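Undergrad: What follows is a predicted protein model with its sequence.
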Amino acid sequence: MNININRLRTGPLRLPNIILRNSASVIASSMSLPYQKELAAAKKAAFLATRLCQKVQRSLLQSDVQSKLDKSPVTVADYGSQAVVSFVLKHELPAEPFSLVAEEDSRDLQSDAAQEILDRITLLVNDTLASELTSSLSAESVLGAIDSGRSEGGSHGRHWVLDPIDGTKGFLRGDQYAIALALLDEGKLVLGVLACPNLPLAPFGHNNQESSDIQVGCLFSAVIGMGTYMQSLNGSSPVKVHVSAIENPKEASFFESFEASHSMHDLSISIAEIDSQAKYGALSRGDGAIYLRFPHAGYREKIWDHAAGSIVVTEAGGVVADAAGNPLDFSKGKYLELEKGIVATNQKLMPSLLKAVQESIQEKTSSL
Ligand SMILES: Nc1ncnc2c1ncn2[C@@H]1O[C@H](COP(=O)(O)OS(=O)(=O)O)[C@@H](OP(=O)(O)O)[C@H]1O
Ligand SMILES: [Mg+2]
Ligand SMILES: [Mg+2]
Ligand SMILES: [Mg+2]
């Protein structure tokens, strides 16, 4: 079976009113479960960032003049998404100290040459947040919102972790990407929200993947101890999801990065190549059973590339570890300190998978 999810069409985003009306304070007052107001704020931030990204991706795909090699659309969307998430989190959670570890910063937007791009970002952010704002944000406020993401994280206090667009290459091609937001509390992952605007709602592996009326747009969310839920970005109710129950490694299907340079391909046989943390989302609902990510030597993984996806998978009953079987540690700052790479699967498959991975690494090392 050879499924290429990247050929799927992208669909329009209709923002669900129910989500926007569910302000953090309304939800918090009706529930005493942990992290509910943070969850509501994170979902709202991810929904609004999705709206911004979809707007940019649509205009990118429709534009005849826009060269696919021109990185400015994704730049605008990256910064815009980060500004929106930062603004919404602060606005929805005013009583809490705010710390955000995020991929982008405003350094490259400060020069005169970047003025035009900054104006585009400011317009887009104001447009996206129109219903939330009483007056427009200035370019300086947008820069300030982006730079709220300069925290170093760590093992004390609370830190939000954000990849405003994960899978930028997929975004540019009109394929898979994700807005990935997570919360660390005293160094521990406690919440994750993963918006995958182009991921089909139906599990892939179904025969309808090439059909033109395929429904896309998934939001995965997880709070520690409470499981993982998926809902449509169009506003369906969340449903609980689980990782695959497959126990026989021979039946297990793999995910890997679309980008060949992001993994040592000879470690896995892939059924689906997907950009971004959408891979973790798909794994959490059992579309495939294994995700292997083994970057080339010297590459250092960043926490925002794995935080949201990781808790989405573990709360769905999965395990995410490095090649030595250690759980990922998000408390060490911006980088993950990993043994070789990342292995994500269900609890039954993990021991045999780790053994196979370690043997494979051993063989590779001794053949050098
Ligand atoms: N060489 C190399 N090896 C491993 N990982 C790398 C490498 N270069 C970049 N990155 C990071 O990979 C993030 C995207 O991950 P994916 O595996 O989904 O890649 S891809 O979308 O299929 O290209 C991507 O995240 P975004 O920048 O947010 O898109 C990068 O942080
Ligand atoms: Mg990324
Ligand atoms: Mg990114
Ligand atoms: Mg990047």
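TA: Great, that's in hand. Ligands and ions are numbered 1, 2, ... in the order given.

Undergrad: CA only for contacts and neighbour counts going forward, please
TA: OK.

Undergrad: Identify the residues contacting V239.
TA: Contact partners of V239, counting by C-alpha atoms under 8 Å, 6 or more residues apart in numbering, are 229-231.

Undergrad: Among the residues you listed, which one lies nearest to ligand 2?
TA: The nearest member of the contacts of V239 to ligand 2, counting by C-alpha to the ion, is M230 at 20.8 Å.

Undergrad: So the closest one sits against L219, correct?
TA: Yes: with contacts counted by C-alpha atoms under 8 Å, M230 reaches L219, the gap being 5.5 Å.

Undergrad: For those two, indicate the residue with more neighbours.
TA: When M230 and L219 are compared for neighbours, L219 comes out ahead with 27 against 24, by other C-alpha atoms under 10 Å.

Undergrad: could you give the mean pLDDT of the helix or strand containing L354?
TA: Using DSSP states H and E, L354 sits within helix 350-366. Averaging pLDDT along helix 350-366 gives 90.

Undergrad: Ligand 2 contacts on this protein?
TA: Residues of the chain found near ligand 2 (C-alpha under 5 Å from the ion) are 166, 305.

Undergrad: quick one: the helices in the chain?
TA: For the chain, applying DSSP state H gives helices covering 17-21, 24-30, 36-62, 72-92, 115-128, 139-147, 168-173, 278-284, 307-315, 350-366.

Undergrad: so what's the residue nearest in space to the middle of the chain up against?
TA: Nearest to the mean C-alpha position of the chain, counting by C-alpha atoms, centre = their mean, stands A180 at 2.8 Å. By C-alpha under 8 Å, 6+ apart, the contact set of A180 is 46, 162-166, 192-195, 277, 304-305, 307-309.

Undergrad: The same query, at a cut-off of 6 Å, please.
TA: Neighbouring residues of A180 by C-alpha atoms under 6 Å, 6 or more residues apart in numbering: 162-163, 194, 308.

Undergrad: Retrieve the pLDDT associated with I214.
TA: We have a pLDDT of 88 for I214.

Undergrad: Same question for N2.
TA: N2 is given a pLDDT of 30.

Undergrad: Can you tell me the closest non-neighbouring residue to S155?
TA: Distances taken as C-alpha to C-alpha, 6 or more residues apart in numbering put G187 closest to S155, at 3.9 Å, once the chain neighbours are dropped.

Undergrad: my guess is that neighbour meets G333, correct?
TA: No: using C-alpha atoms under 6 Å, G187 makes no contact with G333, being 9.3 Å away.

Undergrad: Find residues that contact each of these two.
TA: Common contacts of G187 and G333, defined by C-alpha under 6 Å, 6+ apart, are absent altogether.

Undergrad: low pLDDT regions in the stretch 151-300 of the chain?
TA: Within the stretch 151-300 of the chain, the stretches with pLDDT under 70 are 204-212, 256, 258-272.

Undergrad: again, only using 80
TA: Counting by pLDDT under 80, the stretch 151-300 of the chain contains low-confidence residues at 204-213, 254-273.

Undergrad: which stretches of it form strands?
TA: Secondary structure of the stretch 151-300 of the chain (DSSP state E, counting those that start in this stretch): strands at 158-166, 178-185, 188-200, 216-223, 228-232, 239-241, 254-257, 270-274, 290-293.
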